[in-house]
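# Just a sequence and a predicted model for now, questions to come.
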Amino acid sequence: MAHAVTAARYPVLGVNVSAVDYDAVVTLVLDAARRRAPLAVSALAVHGVMTGALDRVHRRRLNGLDVLTPDGQPVRWALRWLHGVSLPDRVYGPELTLRVLEACARNGHPVFFYGSTPATLERLLAAATERFPGLRIAGSAPSLFRRTSDEEADAIAGSVRASGADVVFVGLGCPRQETWVFEYRDRIGLPLLAVGAAFDFLAGTLPQAPQQLQDRGLEWAYRLAQEPRRLWRRYLFLNPLYLLGLAAQRLRLRVAEPLTPDGSEPLERYG
């Protein structure tokens, strides 16, 4: 079950998005880090919301996390359009990563990076320590890119705990990283942040969209131009479906039930 947090949550296509800003999330993460307590955080753009809207089991997992930030501008706009909740900005995973890393460096909290490839992790660690000189890196581990057994999951969780980390950043891509955070939160017992492309952006292996496109909710178009073969189905199918779903929710034509975990979710442990 999700731990109580101070941020209100509002259903967007059945996914309970948190009405938070950057400062609120950083405060929650640092508080959990000081207490070495579990906290599950993910930054959801349209694709992340739609993974829950279209899959009841995964919707239960998402709503079982503690904080789901409005990563994309269209998700932030949906909070205003559907619920009258105005936020000063989205809470973008890559920017949240930088702010949490800076806070961890300032407060002496060691961090762990889980996911991606060994080559990307090597560049990520170098970039992070250069950008935040006081940052203590407790460890890192690349993705296994497959499902893991119970024994492997125990070993992964044990290595993260034994590292002495206070905060864990997870970069496995959506929806694998949200599933990972759901399955490992209580197993690891630390704040876990699913931050997606933040690993590649900080490592310099993937370019970020210009700020003007980000502000206008058009980052998806930039990413589609960068990786058309991998992303065309995601954006050209899911984006229109997202808009249709918002209209239906606004008009109360069809409202997806904001399901929460009931213990029936099949285990989908990824490594």
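That came through, no problem. Residues are numbered from 1 along each chain as shown.

# From now on I want contacts and neighbour counts done on CA atoms only, so please keep to that.
Will do.

# any idea of the pLDDT on G217?
On pLDDT, G217 comes in at 68.

# Equivalent analysis for L82, please.
96.

# One more: V57?
pLDDT, read off for V57, is 93.

# Tell me the secondary structure of S143, please.
S143 falls in the coil class when you classify it by DSSP: H, G, I helix; E, B strand; the rest coil.

# The residue lying closest to it once chain neighbours are set aside pairs with what?
Leaving out its chain neighbours, the residue that sits closest to S143 by CA to CA, 6 or more residues apart in numbering is G115, at 4.3 Å. When bridges are called by DSSP bridges, G115 pairs up with G171.

# how about stretch 200-213: buried residues?
Buried residues in stretch 200-213, counting neighbours by 16 or more other CA atoms under 10 Å, are found at D200, L202, A203, Q208, A209.

# and A141, how many neighbours does it have?
When neighbours are defined as other CA atoms under 10 Å, A141 has 18 of them.

# Identify the bridge partners of it.
Beta-bridge partners of A141, counted by DSSP bridges, are Y114.

# thinking again about what came up before, show me the buried residues of stretch 200-213 that map onto helices.
When DSSP state H defines the helices, the subset of the buried residues of stretch 200-213 inside them is D200, L202, A203.

# State the pLDDT value of the residue lying closest to the second one once chain neighbours are set aside.
It stands for L202. Nearest in space to L202, with sequence neighbours left out and distances taken as CA to CA, 6+ apart, is L124 at 6.0 Å. Predicted confidence (pLDDT) for L124: 96.

# Work out for me the element L124 sits within.
helix 118-131 (DSSP states H and E).

# Other residues contacting that helix?
113, 115, 135-137, 140-142, 199-200, 202-205 (CA atoms under 8 Å, 6 or more residues apart in numbering).

# ok, now with 6 Å
Helix 118-131 is contacted by residues P142, A203 when judged by CA atoms under 6 Å, 6 or more residues apart in numbering.

# tell me which element Y242 is part of?
With elements taken from DSSP H and E, the one containing Y242 is helix 228-250.

# typo on my end, it should be Q212
Secondary-structure element containing Q212, defined by DSSP H and E: helix 211-215.

# in the stretch 51-200 of the chain, which spans are strands?
Assigned by DSSP state E, counting those that start in this stretch, the stretch 51-200 of the chain shows strands spanning 67-70, 111-115, 137-141, 167-171, 191-194.
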